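1. Sharing a model prediction with you, sequence too.
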Amino acid sequence: MTESNIRNFCIIAHIDHGKSTLADRLLQITGTLSEREMQEQVLDSMDLEREKGVTIKASAVRMNYTAQDGRTYILNLIDTPGHVDFAYEVSRALQGCEGAILVVDATQGIEAQTLANLYLAIESDLEIIPVINKIDLPAALPEDVAEEVESVTGIAAEDAIPISAKTGENVAAVLEAVVQRVPPPQVDTQAPLRALVFDSHYDSYKGVIAYVRIFEGTLDKRQWIKMMSNNVLAEPIEIGTFTPAMKPADRLQAGEVGYIATGLKTVRECRVGDTITLRDQPASEPLPGYQKVKPMVFAGFYPSEGEDYAVLKEALEKLQLNDAALVFEPETSNALNFGFRCGFLGLFHMEIMQERLEREYDLDLVATAPSVRYEVMMAGTGDIRIIDSPAELPDPATFDEVREPWMDVQIFTPEEYYGVIMDLAIKRRGLLVGQEYPAPGRVVLRYELPLAEIIVDFYDKLKSGTRGYASMDYEFKEYRTSDLVKLEVLVNRTAVDALAMIVHKDDAFHRGQKLVSALKEKIPRQMFEVPIQAAVGNRIISRANVKALRKDVLAKCYGGDITRKKKLLEKQKKGKKRMKMIGTVEVPQEAFMSVLQLNDD
């Protein structure tokens, strides 16, 4: 098979526009999977992906297709996620392709993530094939959407392919378009081997399995390889391609997408974005890798059982292997003992990671409220300290200013929800920068918003306020000075560092009141009265008491003198006082989650 018969392409789209369903139809038409092996969303192998209907991991598959010109082509497809939090998976998949199928829902039109992924593909200089999906639905407007695509991409509306991935209508035209429009890879099989690792996972028998796109040279099985970033050597246990299961092969050559089972046992030795070359004939320089992804949201993960700490550490290392955006470092908390401060790309990313840790590694976790990374300019020296956790914010007397990350946010919405979105953004300290009308009845609002206001429930509020029609995309803009303070929570006069949060000075009083009211409901009653206080600096701004559980010591007094009753009550009071001095209060997981559910009505 020559390089001219290879086509490498990926499918990009907004969440729920039918990427995985289209991938299923392509696998069926090319006969890659038999009817017996076929199931819905065959490339979404994780239970979580199936339950939520969301692609989380990019997955690769190789198909053989005989085109109308009579030639047989090898099609390497990479199916990518559509949620904004997994944009790094998309950028990695694009590195290994020459073309991209842009799927747009015929009922929804172009949405935020469609556009974000499209710009990524254009930056990578890929051939774009627009596909209008879901034409079988009664509400579909394929002609209008095709014109919308033309106004955004510049690709003629008649070149967009109308299909229904669900029924399979016109899907064969997509394969023909891939063969005709996507260029074959430009390769040099004589040059030293250079293979880009675009994904990886860990197998307990074969070690780290690297998913690679080979750009130059060839690799035969049992040839020693070298990782170019850290000079680690390995003899592959197996090499092969995806069909979509792993199928061993004797050789991989330039232009192909496949896998290398390295046999390496530690995660750090084979990083995503690294270049693999041969030990005996090394390449002079690595391929341009990916940009390092910067986490945006930080949260503490603590095992509820102390002895699970080592298990959690190992689980995080394995997850980090196939998720380059996850970062973590050990931290300790007075309330929760030993755990890890983890960095994520967004709240959905954090939720998925927590579920994977609990399911795949059978861990019981306590997660603290998410926060963002702040810059603190220290007084006198002018040094800048970076803090991930609200508990690390120093005493206000020691610093001049706090800077928080601001984001450029694009919100796509039908015109009738203009007011709802304006109201939501103003409540979250948003600044309107501009607006555009890409199509009749649709508006794109551009805002600048602090990331701390976006991460908790901005997306949920946006979806519910617009009946699910609005979509958003965001990217980092800059750090800006803001009037921020640390809001601390004291339970039984002891500060709970895991409940601390950094808030804007104007919001501190309302946030404190709401948090104290929420915690009062969540913290169970003790044998003594428990005060819950919210404090900013040395000032208590809100307080509530959790009433004590008490025995009715007067039950046996019927009638008689009042002094006898007083004596019994005084004795009970003394006992409660002593208990309060030595008693501790357990703060349940629901209390940490109540921080996330503070509505800003």
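-> Yep, it's here. Computed from a predicted structure; not experimentally measured.
2. can you pull out the helices in the stretch 101-250 of the chain?
-> Listed in chain order, the helices of the stretch 101-250 of the chain (DSSP state H, counting those that start in this stretch) span 112-123, 142-153, 172-181.
3. To clarify, my last question referred to the chain.
-> Remark: helices assigned in the chain by DSSP state H are 19-29, 47-52, 87-95, 112-123, 142-153, 172-181, 309-321, 347-360, 418-427, 451-455, 458-465, 508-522, 562-582, 589-594.
4. Let's have these in a markdown table, adding mean neighbour count, mean pLDDT and distance to Ala367.
-> Heads up, the C-betas are built off the backbone N, CA and C, glycines and all. Output for the helices of the chain, formatted as a markdown table (neighbours: other Cβ atoms under 10 Å; pLDDT from 0 to 100; distance: least, Cβ to Cβ, whole Å):
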| stretch | mean neighbour count | mean pLDDT | distance to Ala367 |
| --- | --- | --- | --- |
| helix 19-29 | 22 | 79 | 28 |
| helix 47-52 | 15 | 55 | 16 |
| helix 87-95 | 24 | 71 | 22 |
| helix 112-123 | 20 | 75 | 26 |
| helix 142-153 | 18 | 80 | 38 |
| helix 172-181 | 18 | 85 | 41 |
| helix 309-321 | 17 | 84 | 12 |
| helix 347-360 | 19 | 82 | 6 |
| helix 418-427 | 16 | 87 | 25 |
| helix 451-455 | 23 | 81 | 13 |
| helix 458-465 | 16 | 78 | 17 |
| helix 508-522 | 19 | 82 | 15 |
| helix 562-582 | 11 | 73 | 30 |
| helix 589-594 | 18 | 60 | 7 |
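5. Tell me which of these approaches Gln533 most closely.
-> Minimum separation from Gln533 across the helices of the chain (Cβ to Cβ) falls at helix 508-522, 7.1 Å.
6. Could I get the CA-only coordinates of that closest one as CSV?
-> Taking C-alpha atoms only, helix 508-522 is exported to CSV below (Å, rounded to 0.1, in the frame of the first residue of the first chain):
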residue,chain,number,x,y,z
ALA,A,508,-18.3,38.6,50.6
PHE,A,509,-21.2,39.4,53.0
HIS,A,510,-23.9,37.7,50.9
ARG,A,511,-21.7,34.7,50.1
GLY,A,512,-20.8,34.3,53.8
GLN,A,513,-24.5,34.4,54.9
LYS,A,514,-25.5,31.9,52.3
LEU,A,515,-22.6,29.5,53.1
VAL,A,516,-23.3,29.6,56.8
SER,A,517,-27.1,28.9,56.2
ALA,A,518,-26.2,26.0,53.9
LEU,A,519,-23.7,24.5,56.3
LYS,A,520,-26.2,24.8,59.2
GLU,A,521,-28.4,22.3,57.4
LYS,A,522,-25.6,20.0,56.4
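7. out of the helices of the chain, nearest to Gly434?
-> Of these, nearest to Gly434 by Cβ to Cβ is helix 418-427, at 13.1 Å.
8. Paired strands for the longest strand seen in the chain, with orientation please.
-> Using DSSP state E, we find that the single longest strand of the chain is strand 399-414. Sheet pairing of strand 399-414 (DSSP bridges) gives strand 374-378 (antiparallel), strand 442-450 (antiparallel), strand 471-482 (antiparallel).
9. quick one, what contacts the closest residue in space to Ala534 that isn't next to it in sequence?
-> Excluding the flanking residues, the one nearest Ala534 by Cβ to Cβ, 6 or more residues apart in numbering is Gly512, at 3.2 Å. Gly512 makes contact with Leu487, Ala534, Ala535, Val536, Ile541, Ser542, according to Cβ atoms under 8 Å, 6 or more residues apart in numbering.
10. Likewise for Glu331?
-> Per Cβ under 8 Å, 6+ apart, neighbours of Glu331: Gly300, Gly339, Phe340, Arg341, Ser389.
11. Pick out the residue nearest the middle of the chain.
-> The centroid of the chain falls nearest to His349 when counting by Cα atoms, centre = their mean (2.4 Å).
12. quick one: that residue from Val149, how far?
-> 28 Å (Cβ to Cβ, to the nearest Å).
13. lowest average confidence, helix or strand, in the chain?
-> helix 47-52 (a mean of 55; mean pLDDT, DSSP states H and E).
14. Excluding chain neighbours, give the residue nearest to Asn117 in space.
-> Closest to Asn117 by Cβ to Cβ, 6+ apart is Ile12, at 4.0 Å.
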